[in-house]
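Student: Kindly return the folded structure for what I paste below:
(2 chains)
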Amino acid sequence: MDHLTRLENKSIYIIREAYYQFKDIAMLWSVGKDSTTLLWLCRKAFFGAIPFPIIHIDTGYKFPEMYRFRDERAKEWNLRLLIGRNEEKLKEGMGPGQGSKLDCCNELKTNALKMVIKKYRLKAILLGIRRDEHGIRAKERYFSPRDSQFKWDYENQPAELWDQYQSTVEEEEHFRIHPLLHFTEYDIWNYVKREGLPIVPLYFSKNGKRYRSIGCVTCCSPIDSNAQTIDEIVEEIRISKTSERSGRAQDKENTYTMQKLRALGYM
Amino acid sequence: MKKTLIIGIDGVPYSLLSTYIENGMMPNLKKILSQGFTLHQMNASIPDISSVSWTSFNTGVNPGEHGIYGFTDLSPHSYSLYFPNSKDIQAPTFWEILGRTDRKSSTLSQKYHERINRSYRSIILNVPHTYPAWPMNGILVSGFVALDLKKATFPESAYPYLHSIHYLIDVEAEKAREDKVAFMKSLFECFEIRKKAISHLFEKEPWDLFFACITETDRLHHFFFDASKDKESPHYESFLQFYSELDKFIKYLYEAFHERYSEKGFFMILSDHGFAPLKKEVYLNRFLEEKGFLVLKKNGNFYERIEEGTKAFNMDPGRICLHDHDRYPRGTVRKEERTDLLRDIKETLRSLKGENGEKIIDKIYEKEEIYNGPYSGMAPALVCLPNDGYDLKGSLEKKEILGYNIFKGMHTWHDAFCLLPEKIIFSEKPSIQNLTEYILQYYSE
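Tutor: Numbers count the residues shown, from 1 in each chain, chains lettered A, B, ... in the order given. The predicted structure is shown next:
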């Protein structure tokens, strides 16, 4: 079995296991390359008919290309799409220009997701995070419990050995399930290539720049790149030494540092 | 057997400390001073920011050599904020030189590298700008701005104890906005935990050099400095009580050290900058904007708002950067216009007046005057030092030049202090980076 097929099998096993354990489950789709890959794997796991809803948290600040891609795929793949928006805060004018970025992310992403989880009484969420994305994620598990406050007690996690995943949960908690944890950024692009998976055109180079990671328009910066095809992206990632999220303003550590500094009057 | 004890007290001004000593509010420190020590007024680093000043002390060199100019910087050839951390320090610290684990080199380490004839073990606790912790001979627990206690601890074996006492890296300064009384209480609690950790390591671990920082004082001053001499203030008693507890803790450490190592040990106390009552915050970017040196877009994040027409901008506290064409994506300032531009900016800054028409800017240095070394290229073109009372800020979001926040105190450059053995005599006022060499000298004697 080749490398990508092995990765794919493992993910599909986790997706099916998750659905077997939790019928009140949904998948979080940011429309980026990772969660689109996850979506593709969910389709494969259930032969094209995903038996649970797909959540898109809409901050109102995503790229137009992302909304277009979302709506086209939802139609084409017959998805049950749930859109999560913190309407109240959006009406109050919350945005990246208002207050700190941390507040903006908190309200428009975290709280919007909390509302969706509450409204649909979800017990588990499938997410497309990968272990190589960020230092803190190296500690993540495939099945990762969160309490009602969304807190992740990373020092007290069940061990996951030999495919034995602990997938039961206390009341009021929900599980985050990460079927893509073992993929690297390089694997993702190779998989996208092999499967002929459609992705948002922002990833391809335009005027010498492309996005390596996408989110809200205001908080993403493109990187210098001439990669205009999947093959060229694969090659670029293969030799790249900078971090994938280097173009993302909302890096958690920076945000926290900024918060600390601001409390003492800097910035 | 050579032993050193260094106590760092963040943000304690010479003037306040000497008043408190004179008035009998710090009897233990007074007694120590009578046993062969002298209290000196001292200059902080420029700028007088904890990360820069402590790094200058830790390395014994100026920012041109150690490469740290503030809590924030911009990433090369961009406008995105960068937060320098311990990995960005370009010179070895004195504990690396003493432990013979120094991999970088500096003018100071070159001088002493050969003269330190064995590896000395150090314990370094809560010193700002030492995060993430990195390998050394001894134990390092990073201070502000440390984010994760595990990453703040070297070696890993020191972590379980800290975890078990619920060690706090810092007080939550965010709390001060909501409830000042509760915040004051949390400062005392944080100080208790700090003392507990310091005493534990001091007594249970073997070491040749022990250096611990108390940072609660800086937080106390930021939010309550107006209470330092004002008997009417509701926080006056708490403020004095904090200094009294500080005095007792210094006594405990000094006596424990003295008993064990008598006169032979090397003992010092120092702060990294002073403090003064804050009258107004001064938003230099707003001023530069009004005077036409700075052009900002409406939207965007922090320095990403800088437009092509910009000639100069300010970063916390008073670091004026020229918008050089070869350094910033939209930069337009060419080499040949720098001299005139710097003169214009200096003149304009000097015209800045405060509440009663008093001058705000006290000194303006060009980078060549104060920095030298391989990393002076990344220095701001000018650094301003204000008169006491006017706190310079790098904010880009203010509509006015002068304003208030919730802060009651501001850092000062000229009023840090050090307490040293009386045989150390200075011909002129010392700067924080001058002290480091005395430590190395002691070990190479």
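
Student: if I pick residue B:96, what's in contact with it?
Tutor: The contact partners of residue B:96, by Cβ atoms under 8 Å, 6 or more residues apart in numbering or on different chains, come to B:102-103, B:109, B:136. Heads up, the C-betas are built off the backbone N, CA and C, glycines and all.

Student: let's see 6 Å
Tutor: Neighbour list for residue B:96: B:102, B:136 [criterion: Cβ atoms under 6 Å, 6 or more residues apart in numbering or on different chains].

Student: So which residue is dead centre in chain B?
Tutor: In chain B, the residue lying closest to the centroid (Cα atoms, centre = their mean) is residue B:50, at 1.6 Å.

Student: Need the three-state assignment for residue B:167.
Tutor: coil (DSSP: H, G, I helix; E, B strand; the rest coil).

Student: Look at it and say how many residues are nearby.
Tutor: Neighbour count of residue B:167, defined by other Cβ atoms under 10 Å in any protein chain shown: 21.

Student: For residue B:387, see how far away it is.
Tutor: Applying Cβ to Cβ, to the nearest Å, the value for residue B:167 to residue B:387 is 39 Å.

Student: Same question for residue B:119.
Tutor: In terms of Cβ to Cβ, residue B:119 sits 46 Å off from residue B:387.

Student: what's the answer for residue A:179, then?
Tutor: 61 Å.

Student: in which helix or strand would I find residue B:120?
Tutor: Using DSSP states H and E, residue B:120 is not contained in any helix or strand.

Student: does any bit of stretch B:302-312 sit next to chain A?
Tutor: No: using Cβ under 6 Å from any Cβ of the partner chain, stretch B:302-312 stays clear of chain A, with a minimum separation of 7.5 Å.

Student: Which of the residues in that stretch are classified as buried?
Tutor: B:302-306, B:310-312 (16 or more other Cβ atoms under 10 Å in any protein chain shown).

Student: now stretch A:72-90
Tutor: A:73-74, A:77, A:79, A:81-82, A:84-86, A:89-90.

Student: same deal with stretch A:32-50?
Tutor: A:32-43, A:45, A:50.

Student: Can I get it as CSV, trimmed to CA atoms?
Tutor: Output of stretch A:32-50 as CSV, limited to C-alpha atoms (Å, rounded to 0.1, in the frame of the first residue of the first chain):
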residue,chain,number,x,y,z
GLY,A,32,-9.3,25.8,3.1
LYS,A,33,-7.3,22.9,1.6
ASP,A,34,-7.1,20.8,4.8
SER,A,35,-10.8,20.8,5.6
THR,A,36,-11.7,20.4,1.9
THR,A,37,-9.5,17.3,2.0
LEU,A,38,-11.3,16.1,5.1
LEU,A,39,-14.6,16.7,3.3
TRP,A,40,-13.4,14.6,0.4
LEU,A,41,-12.5,11.8,2.8
CYS,A,42,-15.9,12.0,4.5
ARG,A,43,-17.5,11.6,1.1
LYS,A,44,-15.3,8.6,0.4
ALA,A,45,-16.1,7.2,3.8
PHE,A,46,-19.8,7.2,3.1
PHE,A,47,-19.8,6.7,-0.6
GLY,A,48,-20.7,10.2,-1.6
ALA,A,49,-23.6,10.7,0.9
ILE,A,50,-22.3,12.2,4.1
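
Student: how many neighbours does whichever residue of chain B sits closest to chain A have?
Tutor: At 3.6 Å from chain A, residue B:173 is the closest residue in chain B, using Cβ to the nearest Cβ. The number of residues packed near residue B:173 is 22, by other Cβ under 10 Å.

Student: repeat for residue B:275
Tutor: Residues near residue B:275, counting by other Cβ under 10 Å: 28.

Student: Without its sequence neighbours, what residue ends up closest to residue B:390?
Tutor: Nearest non-adjacent residue to residue B:390, counting by Cβ to Cβ, 6 or more residues apart in numbering or on different chains: residue B:360, 4.6 Å away.

Student: can you tell me how far the one you found sits from residue B:282?
Tutor: 6 Å.

Student: which neighbours do these two share?
Tutor: residue B:390.

Student: Wait, a helix at residue B:369?
Tutor: Yes: looking at residue B:369 with three-state DSSP, it is inside a helix.

Student: hang on, isn't residue A:233 packed against residue A:190?
Tutor: No: in this structure residue A:233 lies outside contact range of residue A:190 using Cβ atoms under 6 Å: 10.0 Å.

Student: more neighbours, these two?
Tutor: residue A:233 (24 against 19).

Student: Spell out which residues of chain B are next to chain A.
Tutor: Counting by Cβ under 6 Å from any Cβ, chain B sits next to chain A at B:71, B:83, B:145, B:147, B:173-174, B:222, B:299, B:316, B:405, B:407.

Student: what's the lowest-pLDDT member of these?
Tutor: Of all the residues of chain B next to chain A, residue B:299 carries the smallest pLDDT score, 77.

Student: show me what contacts residue B:304?
Tutor: Residue B:304 neighbours (Cβ under 6 Å, 6+ apart): residue B:79.

Student: Quick check, pLDDT for it.
Tutor: 90.

Student: ok, the residue in chain A that chain B sits nearest to - how many residues close by?
Tutor: The minimum distance from chain A to chain B, using Cβ to the nearest Cβ, falls at residue A:263 (3.6 Å). When neighbours are defined as other Cβ under 10 Å, residue A:263 has 18 of them.

Student: May I have the predicted confidence score for it?
Tutor: For residue A:263, the predicted pLDDT is 85.

Student: One more: residue B:177?
Tutor: Residue-level pLDDT assigned to residue B:177 equals 84.

Student: Confirm residue B:406 sits in a strand?
Tutor: No: secondary structure of residue B:406 (three-state DSSP): coil, not part of a strand.

Student: just the strands in the stretch 51-200 of chain B please.
Tutor: For the stretch 51-200 of chain B, the strands defined by DSSP state E, counting those that start in this stretch cover B:73-74, B:81-82, B:122-127, B:138-142, B:153-154.

Student: What of the stretch 251-400 of chain B?
Tutor: Under DSSP E, counting those that start in this stretch, the stretch 251-400 of chain B gives strands at B:266-270, B:274-277, B:280-283, B:312-315, B:319-322, B:361-366, B:382-386, B:390-393.

Student: distance of residue B:428 from residue B:41?
Tutor: Taken as Cβ to Cβ, the span from residue B:428 to residue B:41 is 11 Å.
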